[in-house]
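Trainee: Curious how this folds, go ahead:
(chains A, B and C)
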Amino acid sequence: MIELLAATPQTSTGEAVAFWCLAPIAVGAAVMILLSRKAVHSALWMATTMIVLAVLFIMQGGIFLGVVQVVVYTGAVMMLFLFVLMLVGVDASDSFVETLRAQRVAGILLGAGFGVLLMAAVSRATFPEAVGVGAANDAAGGHVEAIAEAIFTRYVFTFEVVSIVLITAAVGAMALTHKERLTPRRPQPEQSVDRIRSAHPTPHPSPGVYAQHNAVDTPALLPDGTASEASVPDELRRQGTVRYTELEAANRRADEDGERE
Amino acid sequence: MNPIVPILFLGLLAFGFAAFSILAGSLSGPKRYSRVKLDAYECGIEPTPQPIGGGRFPVKYYLTAMLFILFDIEIVFLYPWAVAFDQLAIFGLIEMLLFILTLGVAYAYVWRRGGLEWD
Amino acid sequence: MMPHLADGFTSPTFEYQLLAPMLIVFGGAIVGVLVEAFTPRGPRRTVQVALGLVTLVVAFVVLLAVTRPKLGDLAASGTVAIDGPAVFFQGTILVLALLSFLLFVERGVDSAGDAFTPSGATIPGSASERELVAARVSQTEVWPLALFSVGGMMLFVASNDLLTFFVALEVMSLPLYLLVGLARRRRLLSQEAALKYFLLGSFSSAFLLFGSAFLFGYSGSISFTGIYDSLSSGVGLDPLLLIGTGMVAIGLFFKVGAVPFHSWVPDVYQGAPTPVTAFMAAATKVAAFGAMLRIFYVALGDYDWNWRPMFWVVTILTIVVGSILAITQTDIKRMLAYSSVAQAGFILTGVTAASDSGLSSTMFYLVAYGFATIGAFALVTLVRDGTSEATHLSRWAGLGRRSPIIAAVLSLFLLSFAGIPLTSGFIGKFLVFEAAVNGGATPLVIVGAIFSAVAAFFYVRVIVLMYFSDPPDDAPSLALPGAATTLAVAVCAAGTVALGVVPGPVIDLAQEAAAFIR
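Mentor: Numbers count the residues shown, from 1 in each chain, chains lettered A, B, ... in the order given. Purely as a prediction, here's the structure:
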């Protein structure tokens, strides 16, 4: 197969057809990354571009590169992108208000100008006849062998340095996301003993269920009509996102005003 | 024939089938959405107040994803080494062990510092 | 040409001697990660500090002792070149890193501890952050990270092909992106700075990588020697070479903070923990200029008639914009940031000369600039408002009366930046201007000289502010520096004076070393 690919230095019809089918998809999807308003859509368009690129690599005889493109980029890196989107909230969208006037116009113009410059340069160059990767692959006794040869002979030092990049990534991810525990985690028996000894061995009262609200952020009412603080999770109270009934909210406002006076 | 061609053909077939199924379903089925129908398939009270932005995931997931990528990349390098293992001989083995050991240090760090614990 | 696998494998040879300083730094950093894993929290910081300092000192000693006799060899199958400039820059990076590490150690100036947040993962102002501060936890990962960055810088100035070059760039940059975001005070500003630096930095890396692909497309080789050899033969592919050169230059201009790729500099220098700012401003600039010199003098050495016009434009822009914007700043860290942009312009004047004297003068200037920069940022950490640094310039008014020593030493560094005689900056400017005139770039020197005067204005303005204004009523407190900071400032001040009064030995060393191998 490698021989087959290598035997055709000039573009074969099949390759040309495949290229002209795939290239517009790759470019179109890349443009859609920029134009999509939702980050998730952008990410999916990016996956499309990457898969198409992988197919193009494979067509060129770079099978390993194509597979790596799918495994690492389309698989792992895209997954990381989507994770990050979930961390910030899937529906969160950027504000499209320009802080600097005419920034977008200038950006589009400069980007287009840069594209034209690149295309002009590449089209002005006269390329020698392509040799294909066949010869290099044959010399090493196979496609993946050729890559192994490059990694483990000439670039073996660089390869080892790549492990430094990876270790930095691990340390960095830990430094930015991992909170160290100051006290060891308490085992369940201790926790249950504590609970029995606490003032609240039984479950806390369940939140209020009303016609208009029925969520855990709505406190239940005690017989005297005031809200039961114990019926909403501590975390929500700390965040200040507890939803009181209208009457209770009015009472609280009145209390606060009273305190202020 | 190029052995890639059947794979591409199969891929095309799979893509076509998926596209057809989705299209056919959306074209032939009736669309009668109501609020109840769009509700989560759960009973009882709503689990949490719905935050703005459809909910966020804890940042802990990021660490897991990042570590996955690290070892994914390690495997990418293992593959050509494994293919040319015979020719690379003891030198290749040592270099690969060095690489794996370095990443092993990262693993030891994450493990010992509780990065793999879920609490 | 390497023998192929199919013909039987011969393992490549390593020149361990030549690589030893880099291997020591990387090894020290990896041991640092192991320390993070296996040392209990109590002694962890002490172990990391000792390990970091010892690693740098040992690497420097080994660099002096071992590489000298074999200077000028390729190592690791030709992917690394250990020649005069590489060793000179590696030594400079190690010394500057050691001085910055002394600032990292300092715990005396901030009542809560060192300049780093106890945990980058806690939300600024949250209860868990307060808990960790109270327990005096410190984020000791900064030590191995900084060591990784130093190792990357050392490889960056020595890499001899595009692949190693790019990997070294990432090894150098990734830890810096992290370090910038770990400030103890003004954490939101610090995190914003880290994000900006990361986004723009990866964008510029992408340019550099894209440009590298064009250079490879032109020459069919990724080794600098191969690219140089193909300069005479690549007929018809010149447009690729032109585009590749331009895009690689963009990536490097970003790293040195040259206009118009400087927009990250003020925000990042301001937001980063001040010791990290000192480290970045000094060591990163040395590394980036070292790599720039190598790629443009070695790989594109016979192509200077094409890249020099681009350097002319960027140099003039950098000097002019950096100097003028520095005048308008009211924050001392931002002022020093714009001053470092202007300084990058002066250094670029030497690079533009494209000659051996251009190389040696740039090398000298970088040493002089590095010492003065670390010293200046070290002094910024001492003047504090309550807990945070008092960075607004008005807070520095009348400092000369309250602390004559701080004001005098800062004045020394500022005068050196301004290029006043008897300081290192004067000799540096003189050398780069001389090299530029000999290299046919006289107009650059004229612009440089005019804007040296403009730059002198804002440096002297700070000095005037310190000595001839009344201190504000609620004057900032002056922290008493610990031994580490005192030592760093003393070394920087001594270096600045020594390089200004007796520059001979270092100039000789730079001239002796100023020969790239291909």
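Trainee: helices and strands of chain C: which one has the lowest mean pLDDT?
Mentor: Using mean pLDDT, DSSP states H and E, strand C:73-75 stands out as the lowest-scoring helix or strand of chain C, at a mean of 81.
Trainee: Output the contacting helices and strands for that strand.
Mentor: Counting contacts by 3 or more Cβ pairs under 8 Å, 6 or more residues apart in numbering or on different chains; DSSP states H and E, strand C:73-75 packs against helix C:16-38, strand C:80-82. Any C-beta I mention is one placed from the backbone N, CA and C, and that applies to glycine too.
Trainee: Out of those, which is closest to residue C:164?
Mentor: Each of the helices and strands packed on strand C:73-75 has some distance to residue C:164 by Cβ to Cβ; the shortest is strand C:80-82, at 6.6 Å.
Trainee: Give me the residues contacting that closest one.
Mentor: A:157, C:15, C:18-19, C:67, C:70-75, C:155, C:158-160, C:164, C:224, C:294, C:298, C:516-517 (Cβ atoms under 8 Å, 6 or more residues apart in numbering or on different chains).
Trainee: hmm, back to that, tell me the most buried of the helices and strands packed on strand C:73-75?
Mentor: With neighbours taken as mean count of other Cβ atoms under 10 Å in any protein chain shown, those reach their highest mean count in strand C:80-82, at a mean of 27.
Trainee: Which positions in the one helix or strand residue A:18 maps to come out as buried?
Mentor: If you go by DSSP states H and E, residue A:18 is part of helix A:13-35. When burial is assessed from 16 or more other Cβ atoms under 10 Å in any protein chain shown, helix A:13-35 yields the following buried residues: A:15, A:18-19, A:22, A:26, A:29-30, A:32-33.
Trainee: how about the helices in the stretch 351-500 of chain C?
Mentor: In the stretch 351-500 of chain C, the helices defined using DSSP state H, counting those that start in this stretch lie at C:356-380, C:399-402, C:404-418, C:424-438, C:442-468, C:483-501.
Trainee: and the angle for the first one with helix C:404-418?
Mentor: The one in question is helix C:356-380. Put simply, helix C:356-380 runs at 150 degrees to helix C:404-418, going by axes from the mean of the first three to the mean of the last three Cα atoms, to 10 degrees.
Trainee: any chance you could map the helices in the stretch 101-250 of chain C?
Mentor: Using DSSP H, counting those that start in this stretch, the helices of the stretch 101-250 of chain C run over residues C:127-134, C:142-156, C:162-180, C:187-219, C:224-230, C:238-256.
Trainee: actually chain A, not the one I typed
Mentor: All helices of chain A, identified by DSSP state H, fall at A:2-6, A:13-35, A:39-59, A:63-68, A:78-88, A:103-124, A:134-140, A:143-152, A:156-177, A:188-197, A:234-239, A:246-260.
Trainee: Mean pLDDT added to those helices, as TSV?
Mentor: Below are the helices of chain A laid out as TSV (pLDDT from 0 to 100):
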stretch	mean pLDDT
helix A:2-6	42
helix A:13-35	90
helix A:39-59	90
helix A:63-68	89
helix A:78-88	82
helix A:103-124	90
helix A:134-140	78
helix A:143-152	87
helix A:156-177	93
helix A:188-197	88
helix A:234-239	74
helix A:246-260	75
